[in-house]
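# starting from these lines, generate the structure:
(chains A and B)
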Amino acid sequence: MIREKAIQPELLIEPNRPVLHYWRDVWSYRELFWFLVWRDILVRYKQTVIGVAWSVIRPLVTMIVFTVVFGILAKLPSSGLPYPLLVFAAMLPWNFFSNALSESSGSLVGNANLLTKVYFPRIIIPVSSIIVGVIDFAISLVIMAGILIWYGYLPDWRVVTLPLFLVLVFLPLAGFGLWFAALNVKYRDFKYIIPFLLQFGLYVSPVGFASTIVPEKWRLLYALNPMVAVIDGFRWALLRGSVELYWPGVLLSTLLSLLLLLTGFGFFRKTERVLTDVI
Amino acid sequence: MLTVINVENLSKKYTISHQQRGDSSSLREVITNGVANFGKKLLSPFSLHSSPVFDSHEDFWALKDVSFEVKQGDRIGIIGRNGAGKSTLLKIFSRITEPTTGSVRIKGRVASLLEVGTGFHPELTGRENIYLNGAILGMRREESRRKFDEIVAFAEIEKFLDTPVKRYSSGMYVRLAFAVAAHLEPEILLVDEVLAVGDLQFQNKCLGKMEDVGREGRTVLFVSHNMAVISRLCSRCVYLEHGAVAAIGETSTVLERYLTDGFSNQSGDIVFTGGEKDIVRFISARTAGTDGVPRTCFRSDENIRVLITYQVKQQLSGVSVAINITTGDHASLWSMGDWEEYPELFEKREEGTWIGEWVVPANILKPGRYYIACGSGGPSNYFHHPEPFPFEITVEGTWRPAYRQFGVSGGPLAYKMTVEKPVRQNIDK
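Numbering: from 1, shown residues only, chains lettered A, B, ... in the order given. Below is the predicted model:
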C-alpha cells in the first residue's frame, strides 16, 4: 500500500519556486482555508455576550450619528433621498472594507505562531480574514433591506449590478490587505498607521455625504480614492440610480485597484519568502 | 530501497543585524537610514561602493552544503549541539523557510511536528480543536472524522470534549495535541523533540506510537537531544556540526562519534567584563574535570570543578562570594557561598586575587545545559555579578538514567522490594 502511495509527484524544495506551483498549492490547501475562516468566526462570537447583535448595533448607531451630524446639523444635500438611506447604502461597503482591512493587515502577525510551525501558502491567512468580514456584510445587507422597506423605497433593476460593485470592493481590499499584512510583518508601525488611515478614510470617502457635493472638476481627482467609485456604485445600485454614477471615475478606480492588487500580491510573495525569518 | 528524500548542497543563510533593539525594525530606522544614504550619495556621487550607513549586518550560515539521502522506511535521527542547524533542516523540509541555495527532493506526503498543539485555539473546544489542528497538520476533514474517536480515546479526554481548551490542564492539552499528531498518516514524518512533554506514562505511550510509525514502513526524521530515545527509535543518524554534516550512518557509530566529540571540546577560561568600579570583581571562571583542563562538556558520571577567580580590592567584612547553578529555565539547583565553609572569610576578607573552587558531584544531573552565576555581596552591599555562563552534560557515561526523563536530577533513589505474602504458592495449588 505504501509502495503504491510513494509513486507520487515529488516535491522539490529550492529557492525561488515559480508562481505556477504556488497557485496549485493554494488550491490543495483550500480545506485549511475554510477551516481558518470557520475558526475566526467561531472565536469572534464565542466570548461576546450579545454576539451577532454587535453586527447590527454598530452600523445602526453610526448611521444615526451620521444622519444627525451631516443630514440634520450640516444640512448636506441628499439628492432628494431620505438621509439614513444615503448613509447606510455607503456604510455597507465602507464597514466591510474597514473591518476586513484592519483584520487582514494584522493577520500574519496574529498567526505568527502558526506560520513558524507549519507550511501552507501564506496568502490564505489574509484572504481568509477578509472572508470573515463577509458575515458582517451579509448582516448589514439584511438591515439595509429592512430600512429600504421601512422607507418604502424598493430598488429597481439596478440592484442586480450589486455583486459587480461587491467585486469592486474586493479589489482594493485585497490589494491593501496584502500590502499591509506583509508590511506589518517587518514594520510593526503599521499597527498604528492602519487605524489612523481608516479613520481618515471614513471622512475623505463619501460615507456621510453624497459625492455630488464635490465640484465637477475635482471628480476625477476624487476617484483616486478607490472607495469613491465603490460607494457611489452601491448607492446607484440600491437607490434606483438616484445618485448618478461618474463612469470615468469608476474606470479609474477599477484600474487603480487592479494595480494595487497586482503589486500587493507581488510584494506579499516577496515577503512570504523571508516571512518566517523576520516575523 | 527507494530514495524518498534527496538533499543536495543545501545551505541556509540568515542575516543577523546588530541593532540596539532586537525587535522588528521600525519604519523610522529605514527612513532615516535611507535619507542618510541619499545624503551620502549627494555628497560623494562618484564613490564606487556607497557603503550603507548601517553595515552592522552579519551573515550566519545555519546550514552549509548539506547533502544526504534518506531511503523509504528509514528512521533517521538528527543530532548535534545547540545551533548546529538541526531545526533549520527540519524547517526547510517542512517548507516553513526557503533554502538559500541547494535543493531537497521529497517523494510522498510529509507531515511535520515541530511543536505540540500548533494552531490550537484556547477559545475553541477540544472537539473543534481536533478538526482545526488536523486540518493544519494536513489531514482531510473526512480523515479527521474517521479517526475522531481514536484520537479522543488516545488523549483520554472524553469528558472534556466540549470544554474550551483554555480550561484544560496542561497535561490534557498536551495529550490532546499529541493524539491528533499521532494519528496523521504521512509517508514521511518530521518530528522535532516534542516527546519531552506530558507525564511519564504518556511519554512512553508516545514513544510506543513513534515506534509503530516506524514499523509501518514510514520514514521518520527525528531531532532530539535525548540520546536514549534516539538510540531506541532510530536506525541511522545524521550528525550536524556548525551547519555541516559531521557524520552519517548507523546510529551506534554516529552516536559514538558525537559523544567523543563532546570531550575534545576544549575551551579556555571564561573572562568576565565589567565590574571595574566594584570592590569585589570577578576576573575569570573555568569549568573542568578532575585534571583541571578547562572544558564545558561533561559526562554525567564525573565530578565537575567550578573555579572562580576574583579580585578583592580592599579589606572587607560582611561579604561572601557565591555561585548559583541553574537549569536553562532559571530554576535554581544550588547556591553556595564560601562563608559556609570558611566563616572567618565573612568576618575579614583580605585584599588580593583569590580562586574559589566548588565541585558539582557526579551522578546527580541529567544530560542538559546548566548555567552558573557568580556574585558577591553581603546583607548591606552588592558587588559585581557577571552574566551566567553555561556548561553542558552531554553523555550519560557509565551511569545511565535510562528513561527517567522527568525532573532535573537523574540521581538514583534507593529502591528495595519485599514480599509480604508469597503469592506463587497459592497459584500452584
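# so where's chain A shaky on pLDDT?
When residues are selected by pLDDT under 70, those of chain A lie in A:1-9, A:18.
# helices along that one, start to end?
Counting by DSSP state H, one finds helices in chain A at the ranges A:2-6, A:19-28, A:30-46, A:53-66, A:83-105, A:107-110, A:112-115, A:124-150, A:162-186, A:190-204, A:219-222, A:226-238, A:247-278.
# would you turn the ones you listed into CSV with mean neighbour count and distance to residue B:232?
The way it works is simple: take the backbone N, C-alpha and C, and place the C-beta from them, glycine included. Formatted as CSV, the helices of chain A follow (neighbours: other C-beta atoms under 10 Å in any protein chain shown; distance: least, C-beta to C-beta, whole Å):
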stretch, mean neighbour count, distance to residue B:232
helix A:2-6, 12, 23
helix A:19-28, 12, 35
helix A:30-46, 18, 34
helix A:53-66, 16, 54
helix A:83-105, 24, 46
helix A:107-110, 21, 39
helix A:112-115, 16, 30
helix A:124-150, 18, 38
helix A:162-186, 22, 40
helix A:190-204, 14, 47
helix A:219-222, 15, 71
helix A:226-238, 26, 61
helix A:247-278, 17, 31
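# and those helices: which comes nearest residue B:218?
Smallest distance to residue B:218 across those (C-beta to C-beta): 7.1 Å, for helix A:2-6.
# that older thread, how about the helices of chain A in CSV, adding distance to chain B?
Below are the helices of chain A laid out as CSV (distance: least, C-beta to the nearest C-beta, whole Å):
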stretch, distance to chain B
helix A:2-6, 5
helix A:19-28, 9
helix A:30-46, 4
helix A:53-66, 16
helix A:83-105, 15
helix A:107-110, 9
helix A:112-115, 5
helix A:124-150, 11
helix A:162-186, 6
helix A:190-204, 8
helix A:219-222, 27
helix A:226-238, 24
helix A:247-278, 5
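# could I get these as JSON lines with distance to residue A:12?
Below are the helices of chain A laid out as JSON lines (distance: least, C-beta to C-beta, whole Å):
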{"stretch": "helix A:2-6", "distance to residue A:12": "16"}
{"stretch": "helix A:19-28", "distance to residue A:12": "9"}
{"stretch": "helix A:30-46", "distance to residue A:12": "22"}
{"stretch": "helix A:53-66", "distance to residue A:12": "45"}
{"stretch": "helix A:83-105", "distance to residue A:12": "30"}
{"stretch": "helix A:107-110", "distance to residue A:12": "26"}
{"stretch": "helix A:112-115", "distance to residue A:12": "22"}
{"stretch": "helix A:124-150", "distance to residue A:12": "21"}
{"stretch": "helix A:162-186", "distance to residue A:12": "25"}
{"stretch": "helix A:190-204", "distance to residue A:12": "34"}
{"stretch": "helix A:219-222", "distance to residue A:12": "49"}
{"stretch": "helix A:226-238", "distance to residue A:12": "39"}
{"stretch": "helix A:247-278", "distance to residue A:12": "16"}
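# could you find the closest non-adjacent residue to residue 128?
Let's take chain A. residue A:36 (4.2 Å; C-beta to C-beta, 6 or more residues apart in numbering or on different chains).
# actually, chain B is the one I wanted.
residue A:42 (6.7 Å).
# next one: residue B:9
In space, and not counting its chain neighbours, residue B:9 is closest to residue B:102: 4.0 Å by C-beta to C-beta, 6+ apart.
# which SSE is the one you found in?
Using DSSP states H and E, residue B:102 maps to strand B:101-106.
# buried sites along that strand?
Using 16 or more other C-beta atoms under 10 Å in any protein chain shown as the test for burial, strand B:101-106 gives B:102, B:104-106.
# please apply the same query to stretch B:205-213.
When neighbours are counted by 16+ other C-beta under 10 Å, the buried residues of stretch B:205-213 are found to be B:205-207, B:209-210, B:213.
# so what's the closest residue to residue A:153 other than its chain neighbours up against?
Nearest residue to residue A:153 in three dimensions, chain neighbours excluded: residue A:85, at 6.2 Å (C-beta to C-beta, 6+ apart). Residue A:85 is in contact with A:147-148, A:151, A:153, A:239, counting by C-beta atoms under 8 Å, 6 or more residues apart in numbering or on different chains.
# apply 10 Å and report the result again.
By C-beta atoms under 10 Å, 6 or more residues apart in numbering or on different chains, the contact list for residue A:85 reads A:63, A:67, A:78, A:144, A:147-148, A:150-151, A:153, A:235, A:238-239, A:242.
# how near is it to residue B:339?
To residue B:339, residue A:85 is 85 Å away according to C-beta to C-beta, to the nearest Å.
# do residue B:250 as well
Relative to residue B:339, and taking C-beta to C-beta, residue B:250 is found at 53 Å.
# chain center to stretch A:96-116, what's the gap?
Mean-position distance between stretch A:96-116 and its chain equals 12 Å (C-alpha atoms, centre = their mean, to the nearest Å).
# kindly report the same for stretch A:180-198.
Distance, stretch centre to chain centre, for stretch A:180-198: 16 Å (C-alpha atoms, centre = their mean).
# what of stretch A:90-100?
7 Å.
# got it, and stretch B:368-380?
22 Å.
# so for that stretch, what gets flagged as buried?
For stretch B:368-380, by 16+ other C-beta under 10 Å, it's B:369-378.
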